[in-house]
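S.K.: just the structure for this:
(one chain, ligands or ions: 1)
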Amino acid sequence: MPKSLDFVVGGGSIAGLAFAAEAAKRGATVLVAEEHPEIGEPEKCDGLVSLRGLRRFGYLPEEPVVQNQIASAVIHSPADRNFAVNATGLEVVVLERSAYDKQMAAAATSNGAVVRTGARVSEFVERADGVSVRIGGETIHAEYYVDATGPASSPRRGILPAAKYEIEADWVREPVVEVFLDADRYPGFFAWVIPCGRNRAKVGAAGHGVSPFKALDGFLSGRRCKILRRVSAPIYIGGPTSKFVHGRRILVGESAGQVKPTTAGGIMTSLAGAITAARWACKSLELKDPGQLANYQPEWESAFLKEMKAMLRLRGVIEKLSNDDLEAVIETATPKLVLKLSQTDFDFHATALFGALGISGLLRIAKIVASAEVRSLLVSS
Ligand SMILES: Cc1cc2nc3c(=O)[nH]c(=O)nc-3n(C[C@H](O)[C@H](O)[C@H](O)COP(=O)(O)OP(=O)(O)OC[C@H]3O[C@@H](n4cnc5c(N)ncnc54)[C@H](O)[C@@H]3O)c2cc1C
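M.R.: Numbers count the residues shown, from 1 in each chain. The predicted structure follows:
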């Protein structure tokens, strides 16, 4: 089979573009195929991210890409008790995600990768000595296919439908991210408000078994605002997949489930996955040793798996709680706990939360969860 390229990447978003930029920097020949006509559009993601996380991987956003710097996060209970975590030390910003993807595309092309838009990958066939990837009416041959198609290939069981509006309103609190918990309106998830400057915000809602647009309209009823843009997009909360490499198909980003199961935030963890994969994939080509690629998954997991498992545990707890339980849990947020949370790492919030709760806090939560467990047993029997 004639080989023209080292890598064909399906999906030109954060993971695909970061893979391309890193692999091309190492001298590999790379083609990125993005199905939409413009990189970054339609914009689904809210772009809430920690600069600390991005700095680790060398792709800090250029200044115009940053819409806002976040100073605190307020968590609201269903009865609107709330507590605020000071986020000034956490370096959390809101990115214009479409502009960040364009920045990544520019990095990839300036390193020598080709980024093709309006190019949908419709088929991938693996052969002993390479892959054939069907893009539009053309078949391209390469050593590896990198699947960065996001929710299109993440496992269905972890997908939640979500709705998001970009709004303008005088009640948007700058620069405060707000999270609204309510087990009836947003079961297992929440509604959110992320301010992006000039009285604008990205507001969204998701939950198991609910119509997200109905939930979001319910959230906004009584909160006057002008809706500038409506987006329907699934979020992924199922945790990392068990295998990142399948023969000559390399999964990166959301395709590999490299997304936080608590918040569905995946910018940093997907970037990390793509960069790690590119390094080991290039090594395997350089040494003509496909076994090198086996280092990708353990390296990503050594950085994130412990936290992802903690997040899945936290998600398991949240999904069992009723609104009364949520009120009781919010009550456990003592000033000492809130202070500890403000001194942790935005990207490792589940282990930080468990650590900050300590034994006594965990026991208090365990009591609430135990009663929720008993209740769910009664309901299911
Ligand atoms: C509503 C919403 C809000 C979010 N907010 C945040 C946030 O605030 N912070 C955060 O960190 N994360 C957030 N996320 C998650 C974040 O957007 C994703 O985790 C991240 O974008 C994953 O990147 P990716 O490159 O793996 O996949 P994606 O960004 O999903 O990109 C996949 C790309 O593949 C393309 N594609 C799909 N199929 C094909 C095909 N067959 N051929 C060619 N191209 C194809 C798509 O068009 C797309 O461009 C949010 C997600 C949603 C839905």
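S.K.: so the nearest residue to Arg279 once chain neighbours are set aside, which state does it fall into?
M.R.: Excluding the flanking residues, the one nearest Arg279 by CB to CB, 6 or more residues apart in numbering is Glu22, at 6.6 Å. Where C-beta positions appear, they are placed from N, C-alpha and C, glycine not excepted. Per DSSP: H, G, I helix; E, B strand; the rest coil, the secondary structure class of Glu22 is helix.
S.K.: distance of Glu22 relative to Ala113?
M.R.: In this structure, Glu22 and Ala113 are 10 Å apart, going by CB to CB, to the nearest Å.
S.K.: hang on, the earlier thing: distance of the residue nearest to Arg279 relative to the ligand?
M.R.: According to CB to the nearest ligand atom, to the nearest Å, Glu22 and the ligand sit 14 Å apart.
S.K.: now Arg230
M.R.: If you go by CB to the nearest ligand atom, the gap between Arg230 and the ligand works out to 11 Å.
S.K.: pLDDT value on that residue, please?
M.R.: As predicted, Arg230 sits at a pLDDT of 95.
S.K.: same check, this time on Lys367
M.R.: So Lys367 comes in at 75 (pLDDT).
S.K.: got the phi and psi for it?
M.R.: Here is the backbone geometry of Lys367 (degrees, to the nearest 10): phi -60, psi -40.
S.K.: you'd agree Trp280 is up against Pro290?
M.R.: No: using CB atoms under 8 Å as the test, Trp280 is too far from Pro290 to be in contact (10.3 Å).
S.K.: those two: which is more packed in?
M.R.: Set Trp280 next to Pro290 and count neighbours by other CB atoms under 10 Å: Trp280 wins out with 20 against 15.
S.K.: residues contacting the more buried one?
M.R.: 292-296, 299 (CB atoms under 8 Å, 6 or more residues apart in numbering).
S.K.: go ahead and build a ChimeraX selection from the buried members of those.
M.R.: Command for ChimeraX, covering only those of the contacts of Trp280 found buried under the criterion 16 or more other CB atoms under 10 Å:
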select :292,293,296
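S.K.: which of the contacts of Trp280 fall in helices?
M.R.: 296, 299 (DSSP state H).
S.K.: mind putting the contacts of Trp280 in JSON lines, distance to the ligand and pLDDT included?
M.R.: Output for the contacts of Trp280, formatted as JSON lines (distance: CB to the nearest ligand atom, whole Å; pLDDT from 0 to 100):
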{"residue": "Gln292", "distance to the ligand": "22", "pLDDT": "96"}
{"residue": "Leu293", "distance to the ligand": "18", "pLDDT": "97"}
{"residue": "Ala294", "distance to the ligand": "21", "pLDDT": "97"}
{"residue": "Asn295", "distance to the ligand": "20", "pLDDT": "98"}
{"residue": "Tyr296", "distance to the ligand": "15", "pLDDT": "98"}
{"residue": "Glu299", "distance to the ligand": "18", "pLDDT": "98"}
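S.K.: burial count for the closest residue to Gly16 other than its chain neighbours?
M.R.: Nearest non-adjacent residue to Gly16, counting by CB to CB, 6+ apart: Ala148, 3.2 Å away. Neighbourhood size, Ala148 [other CB under 10 Å]: 33.
S.K.: now do the same contact list for Ala148.
M.R.: 9-13, 15-16, 19, 252-253, 255, 274.
S.K.: now with 10 Å?
M.R.: Ala148 sits next to 9-20, 32-34, 121, 250-256, 270, 273-274, 277 when contact means CB atoms under 10 Å, 6 or more residues apart in numbering.
S.K.: what's the answer for Ile135, then?
M.R.: 8, 10, 31, 33, 35, 116, 119-124.
S.K.: angles on the backbone of it, please.
M.R.: Dihedral angles for Ile135 - degrees, to the nearest 10 - are phi -130, psi 110.
S.K.: any idea which residue sits dead centre in this structure?
M.R.: The centre of the chain sits closest to Gly266, judged by CA atoms, centre = their mean, with a distance of 1.9 Å.
S.K.: can I assume it is in contact with Val259?
M.R.: Yes: counting by CB atoms under 10 Å, Gly266 does reach Val259; the two are 3.5 Å apart.
S.K.: now for the two: what residues contact both?
M.R.: The contact lists of Gly266 and Val259 share 150, 154, 235-236, 253, 273, where a contact means CB under 10 Å, 6+ apart.
S.K.: ok, which of the residues you listed also contact the ligand?
M.R.: Restricting the shared contacts of Gly266 and Val259 to those adjacent to the ligand (criterion: CB under 6 Å from any ligand atom) gives 150, 235, 253.
S.K.: quick one: which of those is nearest Ile365?
M.R.: For those, the minimum distance to Ile365 (CB to CB) is 24.6 Å, reached by Ile235.
S.K.: before we move on, the earlier item: anything in contact with each of Glu22 and Ala113?
M.R.: What both Glu22 and Ala113 touch, as defined by CB under 10 Å, 6+ apart, is the set 28, 30, 107.
S.K.: for these, which single residue is the most surrounded?
M.R.: Ranking these using other CB under 10 Å puts Val30 first, with 28 neighbours.
S.K.: give me the beta-bridge partners of it?
M.R.: Phe7 (DSSP bridges).
S.K.: run a quick neighbour tally on Ser322.
M.R.: 17.
S.K.: brain fart, Gly10
M.R.: 27.
S.K.: so it touches Ala33, yeah?
M.R.: Yes: at 5.7 Å, Gly10 counts as touching Ala33 under the criterion of CB under 10 Å.
S.K.: ok, how many other residues are close to the residue nearest to Leu51 when sequence neighbours are not counted?
M.R.: With sequence-adjacent residues excluded and distances taken as CB to CB, 6+ apart, Leu51 is closest to Glu91, at 4.2 Å. Burial of Glu91, expressed as a neighbour count using other CB under 10 Å, amounts to 17.
S.K.: what do you get for Ser153?
M.R.: 18.
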